[in-house]
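# Can you look at this prediction? I've put the sequence above it.
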Amino acid sequence: MDQSKQFKRKISVRLHPRLAEADKQGYCPLRLTARWHGQEIQENTGERVLPQRLDRHGQPEELWSAGLGRVLRGHDDFVAINGRLSDWERDILGAFNRLFDAAPFQKVEKKALLAELFPEARVKAATPVPQEADNSRTFRQVLEEWKEQNRNLGKDSLRKYDQLATMMESWQPDLRPEQVTQKVAKEYQQHLLDLQKSDATIKVHFTGLRKCLEQLDLKADMPWLQYSAKNAPQLDLEIEEVRRLIGWKPTEEHLAEERDRWLFQLFSGRRYEDLEKFDKRERISLPLADGTSVPALLHAQGKTGNDAAVPLPPIAVRIGERWGWKFPARTWQQRGEWIKEVAQQAGLTREWDDRLITGGKVVHNWRPIHQVIGTHTARHTAGTLLKQAGNGNKALAKLVLGHAEEDVTDRYAKDKARLLAPAVLEAWRAILGEWYDKEPAV
């Protein structure tokens, strides 16, 4: 271990019902997840809880508080259940603190914590790892090498498989990529399903496994390393909700910045990573067939490498000018938190089923959209609203989002944009109404 690295006295304990395993009455097993120092343990609490039921008026009544990690007053035997859950948390925090006090600022190892928690029980055994693998590279090291060789990809594409490395460090830290067998892959898949990871996330993990094997020049096309996933529907805003964001008066500078950045992403169709490296020199004047010209952006997308020429409605130009065509650099996490706060203050309260598809099963999760909205929602919204306002003309959305079935050259992108620009701008006019050529509220 790197002795220069100091670890904090910090551990998180979360209790959550496993909705995918609900019985016919709706009762779910309750699982505990503890995370600390880049590690994780999952334990079944032995409790079964009813997250929700219908009251006597036929309306949903919440019986589980995700924020508190406790059943609510209306739940059967709620005092006793909550008492046992408190015991779980107390035992884990106590074990962690004892180990941390014994070696301050050193990493508390998973095996040590499990042994402290369950001294009489067998510690969960990981799949045996041959001794000769001790000096081979970890998943993270192999993926870092892959990222270095593919450093021209966008940031989102490069960090996509970091979750695999992080998960392996907590699940089986001694496992190495070349030791992944069909049995190990099956166990890993089950582990991810136990954590209620979505099928889309599991697919990313298995793609990451193949990337690691390919990086090591090992066979990676085995059928058991494939994972098919059906993606859950993604949130997009309705016309009135977009207008509400535009008309909302920001209460703080960073929220004004994020609102405007999100709207610029909407109008330009940019991915998070493409907006992050936006250069004002990408602005062009796009000549139209009638002799007029409109402002547009021409850029190569980080994900596909294709050129995209996107005509901008006047409000997008005003946003760009407001910020000098350069938004401050922010992390993905910062942006995600800020746009949720913006949406909440703007009154975006529509309920959305932020469903999870895991193991082919749908787990419903109704939430207000201000809890779901993210940076990528802008692109989804642009695609949906442009098709809607363009009477189903998918070409408008494809132009703005930069979708194409072939490599698109600079010239081809401009020619295509020149033909479709008037229809794109008319669609934005229909979507935005009076906001089409105004600045967002301040």
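Great, that's in hand. As the structure is a prediction and not an experimental result, all values here were calculated from the model.

# C-alpha from now on. contacts and neighbour counts both.
Fine.

# and the nearest residue to residue 11 once chain neighbours are set aside, bridged to which residues?
Residue nearest to residue 11 in three dimensions, not counting chain neighbours: residue 36, with 4.6 Å by C-alpha to C-alpha, 6 or more residues apart in numbering. Here residue 36 shows beta-bridge partners residue 39, assigned using DSSP bridges.

# what's the answer for residue 311, then?
Listed beta-bridge partners, residue 311: residue 296 (assigned using DSSP bridges).

# low-confidence ranges in the stretch 251-400 of the chain?
Across the stretch 251-400 of the chain, the stretches falling below the confidence threshold (pLDDT under 70) are 299-307.

# What ranges does it have for its strands?
Applying DSSP state E, counting those that start in this stretch to the stretch 251-400 of the chain gives strands spanning 283-287, 293-300, 307-311, 351-353, 356-358, 361-363, 366-368.

# Serialize the ones you listed to CSV and add fields for distance to residue 234 and mean neighbour count.
Written out in CSV, the entries for those read as follows (distance: least, C-alpha to C-alpha, whole Å; neighbours: other C-alpha atoms under 10 Å):
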stretch, distance to residue 234, mean neighbour count
strand 283-287, 30, 18
strand 293-300, 25, 19
strand 307-311, 23, 28
strand 351-353, 10, 16
strand 356-358, 11, 22
strand 361-363, 14, 15
strand 366-368, 13, 15
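
# Serialize those to TSV and add fields for distance to residue 250.
Converted to TSV, those look like this (distance: least, C-alpha to C-alpha, whole Å):
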stretch	distance to residue 250
strand 283-287	27
strand 293-300	27
strand 307-311	27
strand 351-353	23
strand 356-358	32
strand 361-363	35
strand 366-368	20
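
# circling back: wait, doesn't the residue nearest to residue 11 sit right on residue 12?
Yes. A contact is recorded between residue 36 and residue 12 when judged using C-alpha atoms under 8 Å, the distance being 6.6 Å.

# Mind checking which of those two has more residues around it?
A count of neighbours by other C-alpha atoms under 10 Å puts residue 36 above the other of residue 36 and residue 12, at 20 against 12.

# what residues are up against the more buried one?
10, 11, 12 (C-alpha atoms under 8 Å, 6 or more residues apart in numbering).

# and of these, the nearest to residue 85?
residue 12 (14.3 Å; C-alpha to C-alpha).

# so residue 30 sits in a helix?
No. Secondary structure assignment places residue 30 outside any helix; it is strand (DSSP: H, G, I helix; E, B strand; the rest coil).

# Buried residues, stretch 180-192. List them.
185, 188, 189, 192 (16 or more other C-alpha atoms under 10 Å).

# measure the second one to residue 355 for me?
Taking C-alpha to C-alpha, to the nearest Å as the criterion, residue 188 is separated from residue 355 by 23 Å.

# same deal with the third one?
Applying C-alpha to C-alpha, one obtains 20 Å for the distance of residue 189 from residue 355.

# Then residue 243?
Using C-alpha to C-alpha, which is the criterion applied here, residue 243 is 26 Å from residue 355.

# can I see the domain layout of the protein?
In terms of domains, the chain is parsed into 12-117, 134-225, 239-435 (source: automatic domain parsing).

# mind checking the end-to-end distance for the longest one?
What it means is domain 239-435. Taking C-alpha to C-alpha as the measure, domain 239-435 stretches 12 Å from start to finish.

# ok now that domain, how far from the chain's centre?
Mean C-alpha position of domain 239-435 versus that of the full chain (C-alpha atoms, centre = their mean, to the nearest Å) differs by 18 Å.

# before we move on, what about the first one?
Relative to the mean C-alpha coordinate of its chain, domain 12-117 is positioned 23 Å out (C-alpha atoms, centre = their mean).

# so where do the helices sit in the stretch 101-250 of the chain?
Under the criterion DSSP state H, counting those that start in this stretch, the stretch 101-250 of the chain carries helices at the ranges 110-117, 139-149, 155-159, 162-171, 182-194, 199-215, 239-247.

# Residue 73 is nearest to which of those?
Taking C-alpha to C-alpha, helix 182-194 is the member of the helices of the stretch 101-250 of the chain nearest to residue 73, at 28.1 Å.

# quick one: that closest one to chain centroid distance?
Distance, centroid of helix 182-194 to centroid of chain: 22 Å (C-alpha atoms, centre = their mean).

# Kindly report the same for stretch 429-436.
The mean C-alpha position of stretch 429-436 is separated from the chain mean by 30 Å, C-alpha atoms, centre = their mean.
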